[in-house]
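*Asks:* here you go, sequence then predicted model.
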Amino acid sequence: MKTDPNTSRPVLFAVIGAGNRATKYLEYARRNPERLQLAAVVETNELRRRSFARSFGLDEKYCYAHYDDFFAAPRCADAVLITTPDDAHYDPAVKAIRAGYHVLLEKPIAQRLSECLEIARLAREYGVRVGVCHVLRYHPYFEKIREVVASGDMGEIISVNHTVSVGLDRATHSYVRGLFRNERDSNPILLAKCCHDIDFLVWLTGKRCRKVSSFGALRWFREENAPAGSAARCIDCGVEPGCPFSARNLYYERRDWIANFDVREGQTLDDAILEELRTGLYGRCVYRCDNDVADHQIVAMELEDLSTISLTMDVFTMDDFRKTCIRMTGGEIDGDERRLRIRRFRTGYERIYDFTETLGKPFHAGADLRLVEDFLRAVNDPSYRLLTSIEASIESHRICYAADRSRATGEIVRLE
């Protein structure tokens, strides 16, 4: 279904997967109901499904427990927002495309490169727009880096050194205890966490990658590293008071990373947290989980113009941001998401951009909302070039899959 770019009718979304990311993107509908409205919700979790229905005033007949039921029902939307867990991206995306829906798909695209390519092929075949939620392209800090590089004033890129500081809290919550802890149910951590970063670097350089090598492993969060006297759950553990990875401290004392804890009717938030600590995924000892993704990784890339990129993913840090150092023929660029410093050779030119206030702004400093707005424009205008189209987004995934193959085999992977 294509909408007329001159009409005042809002684009109608159906959301598949009513979790945290869906909430963030649909803030656009709350703020701009004349441009975007939620028409249906698909969510297996009844609490979340009902919550979305109440929040957006949806009739029960537009609420579905499974997306197959949604696709079997009469059409009620122009586009589908897919924010399901990583292992449930490909199937609903394919079914949405075949049904003629435009698709806004949370990253990563899918669990295999062949599936990513198939989604792109089907989008071309059925003439629908597929966007991928690579929000860094819409973030003012990363946009400024791209703007400076693309201006040509600094010459050409020779090398880029990019560090992703995941942070202990985020890492233990998401990649040790949580939904992204193993490759079977999610993806390698490089794809699950850092495809954003690889996508930014691809966008920044504008060049294709021709060689990749990578090293990394699950070094620490293993049962043999558990301290003597520790227990299977933090709430029962004698060494918990001094453990930097304590779930009790993270969730119950500090009240961090609890947005995905469901509070049932009649419960308090304390009740929900304690129940999770006693019986849920997030109460487990980090040394005794079923995780298998790496807890540190480095990636080296050689591009088609012989420039190089290195990416380091750090988990064992209190930082939770990115650092980027770009060396160019006419100068250098250094940034840490707070400050961006531009220096030119010989001239003595130096300029600093301050993004300190931007760092704390919600919705990735508005990038989530700008991404949705860009997608809506693409839905309304078939000639519009979507910044994070499926075609533009596949290159980052191609590199991530190759890097993890290199990490597993120890070989340099050549990308034709």
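*Replies:* Perfect, I can see it now.
*Asks:* verify the stated contact: Ala14 with Ile82.
*Replies:* No: with contact defined as CB atoms under 8 Å, Ala14 does not reach Ile82; the gap is 9.5 Å. Any C-beta I mention is one placed from the backbone N, CA and C, and that applies to glycine too.
*Asks:* just how off-centre is the strand or helix carrying Val160 within its chain?
*Replies:* Applying DSSP states H and E as the criterion places Val160 in strand 157-165. Shown here is strand 157-165, whose average C-alpha point lies 19 Å from the average C-alpha point of the whole chain (CA atoms, centre = their mean, to the nearest Å).
*Asks:* and it, which strands flank it?
*Replies:* Within its sheet, and counting by DSSP bridges, strand 157-165 is paired with strand 308-314 (parallel), strand 322-328 (antiparallel).
*Asks:* and Lys207, how many neighbours does it have?
*Replies:* As a burial measure, Lys207 scores 17 neighbours (other CB atoms under 10 Å).
*Asks:* which helices and strands does the biggest helix by length in the chain pack with?
*Replies:* What stands out as the longest helix in the chain, according to DSSP state H, is helix 390-409. Packing partners of helix 390-409 (3 or more CB pairs under 8 Å, 6 or more residues apart in numbering; DSSP states H and E): helix 113-126, strand 130-132, helix 189-205, strand 209-217, strand 296-303, strand 413-414.
*Asks:* give me whichever of the ones you listed is most buried.
*Replies:* Per-stretch averages of neighbours, counted by mean count of other CB atoms under 10 Å, single out strand 130-132 among the helices and strands packed on helix 390-409, with a mean of 29.
*Asks:* and that strand, how far out from the chain middle?
*Replies:* The chain centroid and the centroid of strand 130-132 are separated by 13 Å under CA atoms, centre = their mean.
*Asks:* what comes into contact with it?
*Replies:* 93, 97, 102-107, 109, 119-120, 123, 371, 374-375, 378, 386, 388-390, 392-393 (CB atoms under 8 Å, 6 or more residues apart in numbering).
*Asks:* after it, heading C-terminal, what element do we hit next?
*Replies:* The C-terminal neighbour of strand 130-132 among helices and strands, as given by DSSP H and E, is helix 140-150.
*Asks:* residues contacting the nearest residue to Phe321 once chain neighbours are set aside?
*Replies:* Spatial nearest neighbour of Phe321, excluding adjacent residues (CB to CB, 6 or more residues apart in numbering): Glu337 at 4.5 Å. Contact partners of Glu337, counting by CB under 8 Å, 6+ apart, are 141, 321-323, 355, 359.
*Asks:* Ala88: which of the residues you listed is nearest?
*Replies:* The closest of those to Ala88 turns out to be Arg322 (CB to CB; 27.7 Å).
*Asks:* partner residues bridging the closest one?
*Replies:* For Arg322, the beta-bridge partners are Val164 (DSSP bridges).
*Asks:* count of residues packed around it?
*Replies:* Per other CB under 10 Å, the neighbour tally for Arg322 reads 21.
*Asks:* quick one: it from Asn260, how far?
*Replies:* Between Arg322 and Asn260 the distance, using CB to CB, to the nearest Å, works out to 23 Å.
*Asks:* and Leu359, by the same measure?
*Replies:* In this structure, Leu359 and Asn260 are separated by 23 Å, where distance is defined by CB to CB.
*Asks:* between these two, which one's more packed in?
*Replies:* Asn260 (15 against 12).
*Asks:* list the contacts of the more buried one.
*Replies:* 19-20.
*Asks:* how close does it sit to Gly178?
*Replies:* 8 Å.
*Asks:* one step back: what's the spacing between the longest helix of the chain and its chain's center?
*Replies:* 15 Å.
*Asks:* using CSV, write out every CA atom in it.
*Replies:* Taking Å, rounded to 0.1, in the frame of the first residue of the first chain, the C-alpha atoms of helix 390-409 are listed here in CSV:
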residue,chain,number,x,y,z
ILE,A,390,18.0,-2.3,3.6
GLU,A,391,20.5,-1.9,0.7
ALA,A,392,22.6,0.6,2.6
SER,A,393,22.4,-1.5,5.8
ILE,A,394,23.6,-4.9,4.5
GLU,A,395,27.2,-3.9,4.1
SER,A,396,27.7,-3.6,7.9
HIS,A,397,26.1,-7.0,8.4
ARG,A,398,28.3,-8.6,5.7
ILE,A,399,31.4,-7.3,7.6
CYS,A,400,30.1,-8.5,11.0
TYR,A,401,29.5,-12.0,9.7
ALA,A,402,32.9,-12.1,8.1
ALA,A,403,34.6,-10.8,11.3
ASP,A,404,33.0,-13.5,13.4
ARG,A,405,34.0,-16.1,10.9
SER,A,406,37.6,-14.8,11.2
ARG,A,407,37.3,-14.9,15.0
ALA,A,408,36.2,-18.5,14.9
THR,A,409,38.8,-19.7,12.3
